[in-house]
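# next come a sequence and a model predicted from it.
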Amino acid sequence: MNTSLIVLEIAVVLLGLGVLLADLWLPAERRRALGLAAAFGVMMVLCYSFRLDASVPQFAFGQSYVFDALALFFKRFFLFAAVLVLVMSVEFSDSFHGGASEFYALVLFALAGMMFAASAGGFVLLFVSLELITVTFYVLVSFQRHRAQSLEAGVKYLILGALSSGFLVYGIALVFGAGGTMDFAQLQQKLAANHELAHKPILLAGLLLVLVGLGFKIAAFPFQIWAPDVYQGAPAPTTAFLAVGSKAAGIVLLLRLLQGAVPDVAQHWEKLLMVMSGVTILYGSLCAIPQRGLKRLLGYSSIASAGYLLLGFAAMSRAGSVAILYYLGGYLFTVLAAFAVLCVVLRQADSDDISALAGLGQRSPLLAAALTMAMVSLAGIPPLAGFFGKFLLLKAVVEAGADNPAFYWLLAVALVGVVISLYYCFGVIRAIYWSKNTADTSAIEISMPLRASLYACIAGMLYLGLFPRAAVDAAALAVNVLKL
Amino acid sequence: MSLLTAIILVPLLTALGLVFVPRNLRFGVRLIALASSALTLLLALVLFAGYDSAAAVDGFKFVQQIPWVESLGISYHVGVDGINLGLVVMGAIVAFAAACCSWEINRYEKEFYILLMVMTGGILGAFASLDLFFFYFFHELALVPTFIMIGVWGRGERKNYATFQITLYLSVGALLALAGLIALYLQSGANTFNIVQLTAHLKDQPLPAKAQQFIFPLLLFGFGILVSLWPFHTWAPLGYGSAPTATAMLHAGVLKKFGLYGLLRVALPLMPEAAQQWVAIIAALALGNILYCGLVAIRQRDLNLLIGNSSVAHMGFCFLGLASLSLIGVSGAVLVMVAHGLLAALTFGLSGYLHAHAGTLQMDQFGGLLRRMPFIGAAMVMAMLAGCGLPGFANFAGEVMVLFGAWKSFSWVVVFAAWGALVIGAVYMLRAVRNLLHGPLPEKWAALPDANLWRKLPFALLLGALLVLGFWPRLLTEKISASASGIVEMSNAGPERLLLKKPLRPLPVRSTAKTASQPKAAE
């Protein structure tokens, strides 16, 4: 077995344990620095990941852990997200009322789960990594124990998460019963060799149940019901990690499953994925319109984003998968920028109503600019990352339309979603710059690390929007490992 | 760096630079924006003077191409030929005039000028692009500031409704066009967004008829909504009525022409078979613009709504010219696009001046203004006369060419269009002149000031351009017809040529192309 393949995960887990241990000896007033140290450590791991080479897929633990270009793409994605989330949590740590170090450690453990998910080569690792993510998130969501809202969100996430895990395990059991293997690669070979198997109802039912479990992770219709409540109740850094990391983990597992393990079956699920995608887009966009709470608004918009990502799955093509990865890349910077701003604003205002943004343009031009750009990117307006991501996804859908005209209807739905997203994103921008009643006009202090994170997000959005070539090439390289 | 790239970058970089200017330097912000748009205008004039249709490569001059995403065939590619040269120069003139007319903005100036500069850069980029992706990219870059500007600095009670309506209509139009463009890219099989390469590729291997039949309507209605094609025009009068002056000038004058330009550059030549099936419908809808919106304009009491409706009506001529698929008609349509851009900017600028000083544009409240404001009044009379197609203004030259060009295919439409332009146009324009400028001067307007030298500048510039092109349309038409002949030829390629690859039989339009270019050859 090749232990060196999981060196990144090992480093992250050790870092998490180190944070827990350091907490024992550090005086309380210096624990703030612990989060920054953790962020720095993750950044080091991120830097180290660029020295790894994944051009040839390598395996560990039999076939169940795979280290390839796709895995490395997502590992870097998760590491970057974790750096920013840790910086945000340091910023937010006063609102935890103690226990901040545990929060950092849990973020690191969830990160390890996500990184394992990126490498999942079979159902075993799929389930274990998802559980690692989900169980840590139960705690992270309800971390503000003094706030009833946070506890409520935790309970909701726990109940629905446990339910979806149940579906997932049941589905895995059925697939194993029908296919006789847990490994994606073997399952794919068996399906390719034996066409009868691909139509076996037990296998299909099992896969459908696994899809339910993963649909819950990415908050796709009809498993999206938890997202707005949990997003609203959870502490802002948790919400950010949930929106970016947990969703991307679901996406990479879906990619591995649908396009790596069972591409033949997934081809037949075109209609199912189309309907899921269209309804998710419409549900997320339409429900976002009347929202007044910022986190709730972002929750609905993240549901809509899940719908856009599903467009790429429905298209079932290389172009679609490249678009998924590219869109996620843009989404990372966009959503993290938005949540980094929210962390500061919420700490100041103690309410997540949209009116808390009033006068932000005067109070802190940097925060205002970052949030504005995030919203512009989310609405898919050039020259930011979101535009090119949506462009690639729509292109993939039109491409698929050549074979199946139903895709043109999906395209129409997606376009309607884009128009609606313009509306709610501009609502936020309007609140930033043109609110009538500005109660507080004092300048907002932003700490150095957070400032750097905001600049990084802004640079990322602009870079991906203006010079998409490198990211598109990286995504194209990553999806090479899929069976398309 | 090509001159064209400089023209696009100057406003965009200015927008970026303005971000770092302190907000309380109001005059400074304004001065920077003015200087930047003046520089853009200057560069555009240099471009115009340096354009020489004979020496063009592939028909394009000032070309610059930088690969952007090779795997998708997207590159930053700009260049001008006779068709978009006039549009780019007109855009720069209107942008400068719009920056001059923005003195009425008195809150959030910094943001306003940033958006104005982004809009200017986007507009110029959209018309200069020879890559479908950037063509759309720049248009969207210009469109979004429009919505924000109307929403924030707009006027009137129905501002919010107007913002909502224009955002919805134009986003839907733009996205329909985007879907069409992507479909075109994929169906062509050339794996390039480059318009020049696509055109060459599709000339040899035309799109299958089935593909043409679903892409063409997407582009026609997508672009059509952006140009306020009847019956999708309802956003325009209200939107312009509620927009701040500069936004209305830039959008009605320049950005709106994007749809027409797209039809001419992309839809007609690349999908000739579908185009030939649709031209009759386009002509009929164009008549809807000319007659219906003309009649609606007669009923308006608000000057801005009148101008808005009349500007929608004028778009009918452009559509009719394009539908004629003849060299004269298409050249006329391009000339009308340029002329109307100048005219719309002029009329919206004048009405903006009036609104800023009087606070209302209800025409029945005015009268005798010519005595108080001789310059503004005289400019308004000239603008109104240009609007009803008086010879001497560029609009006349363009509209006459359109009517001549369309006569062969759509004689009946031409009859009604001429009637609509001359009679209906004259009725509302002259009634507006009478209501505003003649008759007794009400007491309350006795103190209205005429424009000072500085305020006169944009109007004089726009009027001058209209007159120059009116007396000397050859300045543009020669360049236009030289470039449009290829497009017209492709759009007229009949199905039989596409199937059998027979040499193109001489079309009547080609003889006019020769006569148009002969005197130049003689020189």
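Looks like it came in fine. Just so we're clear, the structure is a prediction, and the values are computed from it rather than from any experiment. Numbers count the residues shown, from 1 in each chain, chains lettered A, B, ... in the order given.

# elements contacting the host helix or strand of residue B:198?
Here residue B:198 is covered by helix B:195-204, with elements defined by DSSP states H and E. Where contact means 3 or more Cβ pairs under 8 Å, 6 or more residues apart in numbering or on different chains; DSSP states H and E, helix B:195-204 is packed against strand B:74-80, helix B:132-153, helix B:159-188, helix B:268-270. All C-beta spots, glycine's among them, are computed from the backbone N, C-alpha and C.

# in the third one, what's buried?
Within helix B:159-188, the residues that qualify as buried by neighbour count (16 or more other Cβ atoms under 10 Å in any protein chain shown) are B:159, B:162-188.

# can you name the residues of chain A that neighbour chain B?
A:369, A:376, A:381-383, A:387, A:391, A:394-395, A:398-399, A:401-402, A:411, A:415, A:418-419, A:422-423, A:426, A:429-430, A:433-434, A:467-469, A:472-473, A:476 (Cβ under 8 Å from any Cβ of the partner chain).

# next SSE after the longest helix out of those in chain B?
Counting by DSSP state H, the longest helix found in chain B is helix B:327-358. Per DSSP H and E, the first helix or strand lying C-terminal to helix B:327-358 is helix B:369-372.

# next helix or strand past that next one?
Going down the chain from helix B:369-372, the next helix or strand is helix B:374-387, by DSSP H and E.

# who touches that following helix?
Identification of contacts with helix B:374-387 by Cβ atoms under 8 Å, 6 or more residues apart in numbering or on different chains yields B:310, B:314, B:339, B:343, B:346-347, B:350, B:353-354, B:369-370, B:393-396, B:425, B:429-430, B:432-433, B:436-437, B:450-451, B:456, B:459-460, B:463, B:466, B:470.

# try 6 Å
B:310, B:343, B:346-347, B:350, B:369-370, B:393, B:395, B:429, B:433, B:437, B:450-451, B:456, B:459, B:466 (Cβ atoms under 6 Å, 6 or more residues apart in numbering or on different chains).

# check stretch B:418-425 too.
Contacts for stretch B:418-425 (Cβ under 6 Å, 6+ apart): B:290-291, B:294, B:388-389, B:403.

# ends of that stretch, what's the gap?
Using Cα to Cα, to the nearest Å, one end of stretch B:418-425 lies 10 Å from the other.

# enumerate the positions of it that are buried.
B:418, B:420-421, B:424-425.

# assign the residue lying closest to residue A:79 once chain neighbours are set aside to helix, strand or coil.
Of all residues beyond its chain neighbours, the one nearest residue A:79 is residue A:46 (4.1 Å), with distances taken as Cβ to Cβ, 6 or more residues apart in numbering or on different chains. What DSSP: H, G, I helix; E, B strand; the rest coil gives for residue A:46 is helix.

# could you check the distance from residue A:46 over to chain B?
According to Cβ to the nearest Cβ, to the nearest Å, residue A:46 stands 25 Å off from chain B.

# average pLDDT across the helix or strand harbouring residue A:374?
Per DSSP H and E: residue A:374 is located in helix A:365-378. Averaging pLDDT along helix A:365-378 yields 90.

# report all helices and strands that that helix contacts.
Judged by 3 or more Cβ pairs under 6 Å, 6 or more residues apart in numbering or on different chains; DSSP states H and E, helix A:365-378 is in contact with helix A:318-349, helix A:360-363, helix A:385-401, helix A:406-433, helix A:448-466.

# now do the contacts for residue B:109.
When contacts are counted by Cβ under 6 Å, 6+ apart, residue B:109 touches B:26, B:29.

# which of the residues of chain A next to chain B count as buried?
Among those, those scoring as buried are A:369, A:376, A:381-383, A:387, A:391, A:394-395, A:398-399, A:401, A:411, A:415, A:418-419, A:422-423, A:426, A:429-430, A:433-434, A:468, A:472, A:476 (criterion: 16+ other Cβ under 10 Å).

# quick check: angle from the helix holding residue B:198 to helix B:132-153?
Using axes from the mean of the first three to the mean of the last three Cα atoms, to 10 degrees, the inter-axis angle of helix B:195-204 relative to helix B:132-153 is 130 degrees.
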